[in-house]
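K.L.:
Generate a structure from the sequence data that follows.
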Amino acid sequence: MPKQFVVLIEKDQEGYYVATVPALRGCHTQARSLDELMSRIKEAIQLCLEVEGEEMETLDFVGVHQVGVAP
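P.N.:
Numbers count the residues shown, from 1 in each chain. Have a look, this model is predicted:
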């Protein structure tokens, strides 16, 4: 069974989608389209797993919240 990872996706001011995998340190990528982003993040996850090996930190997904603060 394939391992499952939470992927956070944001869109920057230049229109790029940015994906980050919190459970894998340094695992992130960007792309112009969501389809391309998904392909790239899968590749990034595979590369990070090769580096991290079996000693990767496991995190349980709880949720995503937006918090406003005054400038």
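K.L.:
Please enumerate the strands of the protein.
P.N.:
Listed in chain order, the strands of the chain (DSSP state E) span 8-11, 17-20, 28-31.
K.L.:
With mean pLDDT, distance to residue 61 and mean neighbour count added, can I get those in JSON lines?
P.N.:
C-betas here are computed from N, CA, C, even on glycine. As requested, the strands of the chain are exported to JSON lines (pLDDT from 0 to 100; distance: least, C-beta to C-beta, whole Å; neighbours: other C-beta atoms under 10 Å):
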{"stretch": "strand 8-11", "mean pLDDT": "96", "distance to residue 61": "10", "mean neighbour count": "11"}
{"stretch": "strand 17-20", "mean pLDDT": "97", "distance to residue 61": "13", "mean neighbour count": "18"}
{"stretch": "strand 28-31", "mean pLDDT": "98", "distance to residue 61": "17", "mean neighbour count": "18"}
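K.L.:
and the residue nearest to the spatial centre of the chain, bridged to which residues?
P.N.:
Nearest to the mean C-alpha position of the chain, counting by C-alpha atoms, centre = their mean, stands residue 20 at 2.2 Å. According to DSSP bridges, the partner residues bridging residue 20 are residue 8, residue 28.
K.L.:
separation between residue 46 and residue 18?
P.N.:
Residue 46 sits 19 Å away from residue 18, going by C-beta to C-beta, to the nearest Å.
K.L.:
try residue 63
P.N.:
From residue 63 to residue 18 the distance is 20 Å (C-beta to C-beta).
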